[in-house]
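Engineer: Let's see this in three dimensions:
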Amino acid sequence: MRSATMALAFITTVLCLPAAVGAQTITQDEFLDMLKRSHPIFEAENLKPRIAEEGRRTLAGAEDWNVFGALGFSHEEPAIAFAGPEKTDALALSGGAERLFWSTGGRLSASFAMSRADLDLGEFVGFPGTLYQHELGFGYRHPLVKNKNGFLDRLEYDLKEYDIEISEVSAAEAVEEFLAESAGKFLDWVYLTEQKRIVAERLALSEEELERAVRKRDANLVDEADVIRAEDAVRFWKQTQVMVAAQSSALRAELAVLTQNDDLSLMEPEHDLYDIVDLPPLPEAKADLEEGSRILRALRIGRDQLEYARRGFEDTEKPDLSLVAELNLKGLDEGFFPAFDLDKPDAMIGFEFSVPLERMTAKSNIARTDLEIDRLDKEIGNVSLSLTSALANLTIRIDRMEEVLALNRAQIESAAARTREELKLYNQGRGELTFVIQSRDNEESAKLTYAQNALTYHKLLLEYRALTDALYR
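Structural biologist: Numbers count the residues shown, from 1 in each chain. Okay, the predicted model is just below:
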């Protein structure tokens, strides 16, 4: 029996060693900052907007210069050749570049072509058998109504900007949820540390009671039953201490792995579990939530995106009126180099016009988008009500928990006063040790209840901070 008691005391000492030697402390903010520096979820979530940005950049390639070219050979023998060659062999090489300008919607092209034709003219005399033709061309098309200033050309690119903003908001929300969960574990650690302190205090009092009972038994002032009761109380609280210390050590080890910092396993949390926090008035908090909530912001960005897309559908309804200009310079000669004398101009400038008469596709897209905007407005209203009702719920629960904590403090004072009276009666020989032990148990139970309710209170505050997006900026 004695050896088992010594072993239990040794385990208790080992489990409580960090607190006993004055371990380094860490606050909740320091713990969360440590997570921000080390946990991969932050880098993973921060990559989401960057991925969306790179996806947007792929669309910007539509504005790049596009180079093209062709090389071909042709052979032709007409079935009937009254006034032309009986056979023609031609070699042609062409190339050019074209580009779309998003700032104007204009399309510029430049091309060059070279060709050689070998002609079998038969009876025709005086006409060259080989001809070279070179041509340099320029073209430009500028929209005047539909796609004015390149609105439709860059529409998809512009819409991706909203996707980037939504991904940024979504990433921040995911990070805050992780921080809220981790902060909750930190509060559990704080509670277990406080529970260890309360249990250690109760164990020390039980050992005092045991010593007092032994002295009185030696003086034949009490029965052996009082000593046995005191020993049972000591064993019970030692077992409780071992259990709580094990839970605290296990959670601390989990948090050390979470932060990837082995030093955390040697630290103790620094947090006032019984601190009371003043919250802003509910109407003010509701107004701030409706204006600044990340969830609502993401929905509103989605609505803005639909509004912008609707402008695109409206633009497709407009008639397509474009200014078109072309300039071609040609040269034809028997020699390759003389054909570079591009002295045959060919120019054109004018307007092109087209318009779909029914425009059913655009009208259907606009109607569908209007319905989506209307649905999203309803969703924003629904989410806003859910958030503000949750805020009201939390605010009331937090206020009521403050009242409960005040009652807990009064209960602890009452239990302590009763313990003093029971101990006074026992020392005077007018009371029983059972009542003293019971009174002390009630006092420590009141302290544990106070700590549990304080943990609940601070977890409600944590929910409040997460709901109002105050945990992660």
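Engineer: tell me what whichever strand or helix holds residue 315 is packed against?
Structural biologist: Using DSSP states H and E, residue 315 maps to helix 294-316. Judged by 3 or more Cβ pairs under 8 Å, 6 or more residues apart in numbering; DSSP states H and E, the packing partners of helix 294-316 are helix 155-218, helix 360-427. Where you see a C-beta, it was placed from the backbone N, CA and C, and this is true even at glycine.
Engineer: so which of these is the most packed in?
Structural biologist: Each of the helices and strands packed on helix 294-316 was scored by mean neighbour count; the highest is helix 155-218, a mean of 19, by mean count of other Cβ atoms under 10 Å.
Engineer: Can you point out the buried residues in whatever helix or strand comes next after that one?
Structural biologist: Using DSSP H and E, the helix or strand that follows helix 155-218 in sequence is helix 224-259. Neighbour-count burial for helix 224-259, counted by 16 or more other Cβ atoms under 10 Å, picks out 226-227, 229-231, 233-234, 237-238, 240-242, 244-245, 247-249, 251-252, 255-256, 258-259.
Engineer: what do you get for stretch 275-290?
Structural biologist: Neighbour-count burial for stretch 275-290 [16+ other Cβ under 10 Å]: 279, 285, 286, 289, 290.
Engineer: Relative to residue 337, which of those is nearest.
Structural biologist: residue 290 (76.8 Å; Cβ to Cβ).
Engineer: That closest one contacts residue 388, correct?
Structural biologist: Yes: here residue 290 lies in contact with residue 388, judged by Cβ atoms under 8 Å, at a distance of 6.6 Å.
Engineer: ok, residues contacting the helix holding residue 315?
Structural biologist: For helix 294-316, contacts defined as Cβ atoms under 8 Å, 6 or more residues apart in numbering pick out 146-148, 151-152, 155, 158-159, 162-163, 165-166, 169-170, 172-173, 176, 290, 359, 361-362, 365-366, 369-370, 372-373, 376-377, 379-380, 383-384, 387, 469.
Engineer: in that helix, what counts as buried?
Structural biologist: Neighbour-count burial for helix 294-316 [16+ other Cβ under 10 Å]: 294-299, 301-303, 305-306, 309-310, 312-313, 315-316.
Engineer: Look up how far residue 177 lies from the residue positioned nearest the centre of the chain.
Structural biologist: Centroid-nearest residue in the chain: residue 171, 1.2 Å away (criterion: Cα atoms, centre = their mean). Using Cβ to Cβ, to the nearest Å, residue 171 is found at 11 Å from residue 177.
Engineer: for residue 145, same thing?
Structural biologist: Relative to residue 177, and taking Cβ to Cβ, residue 145 is found at 48 Å.
Engineer: pLDDT weak spots in the stretch 101-250 of the chain?
Structural biologist: For the stretch 101-250 of the chain, the stretches flagged by pLDDT under 70 are 120-128.
Engineer: so what's residue 94 up against?
Structural biologist: So residue 94 contacts 69, 70, 71, 111, 112, 113, 114 (Cβ under 8 Å, 6+ apart).
Engineer: Adding distance to residue 340, write those out as TSV.
Structural biologist: Below are those laid out as TSV (distance: Cβ to Cβ, whole Å):
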residue	distance to residue 340
69	19
70	20
71	19
111	15
112	11
113	12
114	9
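Engineer: Spatially nearest residue to the residue nearest to the centre of the chain (excluding sequence neighbours)?
Structural biologist: Leaving aside its chain neighbours, residue 171 sits nearest to residue 45 (3.8 Å; criterion: Cβ to Cβ, 6 or more residues apart in numbering).
Engineer: Do I have it right that that neighbour meets residue 175?
Structural biologist: Yes: applying Cβ under 8 Å as the test, residue 45 and residue 175 come out as touching, 5.3 Å apart.
Engineer: burial of the nearest residue to residue 205 once chain neighbours are set aside, as a residue count?
Structural biologist: Excluding the flanking residues, the one nearest residue 205 by Cβ to Cβ, 6+ apart is residue 440, at 5.6 Å. Residue crowding around residue 440 was assessed by other Cβ atoms under 10 Å; the count is 24.
Engineer: and residue 440, what element?
Structural biologist: Going by DSSP H and E, residue 440 is part of helix 433-467.
Engineer: average pLDDT across that helix?
Structural biologist: What helix 433-467 shows for mean pLDDT is 89.
Engineer: Just name whatever secondary elements that helix is in contact with.
Structural biologist: Secondary elements touching helix 433-467 (3+ Cβ pairs under 8 Å, 6+ apart): helix 155-218, helix 224-259, helix 360-427.
Engineer: would you turn the ones you listed into CSV with distance to residue 342?
Structural biologist: Shown next, in CSV, are those (distance: least, Cβ to Cβ, whole Å):
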stretch, distance to residue 342
helix 155-218, 38
helix 224-259, 74
helix 360-427, 44
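Engineer: For residue 38, find the nearest of those.
Structural biologist: Using Cβ to Cβ, the helices and strands packed on helix 433-467 put helix 224-259 closest to residue 38, at 5.6 Å.
Engineer: C-terminal to the closest one, what's the next element?
Structural biologist: strand 268-270.
Engineer: Tell me what angle whatever helix or strand comes next after that following strand forms with helix 294-316.
Structural biologist: Following strand 268-270 in sequence order, the next helix or strand is helix 282-292 (DSSP H and E). For helix 282-292 against helix 294-316, the angle by axes from the mean of the first three to the mean of the last three Cα atoms, to 10 degrees is 40 degrees.
Engineer: For helix 282-292, enumerate the helices and strands it packs against.
Structural biologist: Packed next to helix 282-292, using 3+ Cβ pairs under 8 Å, 6+ apart, are helix 360-427.
Engineer: so what does the helix it packs on touch, helix or strand wise?
Structural biologist: helix 282-292, helix 294-316, helix 433-467.
Engineer: now the angle between helix 224-259 and the longest one, please.
Structural biologist: In terms of direction (the same axes, to 10 degrees), helix 433-467 departs from helix 224-259 by 20 degrees.
Engineer: Give me the phi and psi for residue 66.
Structural biologist: phi -110, psi 120 (degrees, to the nearest 10).
Engineer: Show me what the closest residue to it other than its chain neighbours bridges to in the sheet.
Structural biologist: Excluding its sequence neighbours, the residue lying closest to residue 66 (Cβ to Cβ, 6+ apart) is residue 98, at 5.2 Å. Per DSSP bridges, the residues bridged to residue 98 are residue 66, residue 109.
Engineer: that older thread, looking at the buried residues of stretch 275-290, which is nearest residue 119?
Structural biologist: Once Cβ to Cβ is applied, the member of the buried residues of stretch 275-290 that ends up nearest residue 119 is residue 290, at 81.8 Å.
Engineer: distance of the closest one from residue 282?
Structural biologist: 12 Å.
Engineer: Same check on residue 115?
Structural biologist: 82 Å.
Engineer: go on, residue 174?
Structural biologist: Residue 174 is 28 Å from residue 282, by Cβ to Cβ.
Engineer: again with residue 426
Structural biologist: Taken as Cβ to Cβ, the span from residue 426 to residue 282 is 51 Å.
Engineer: Thanks a lot, catch you later.
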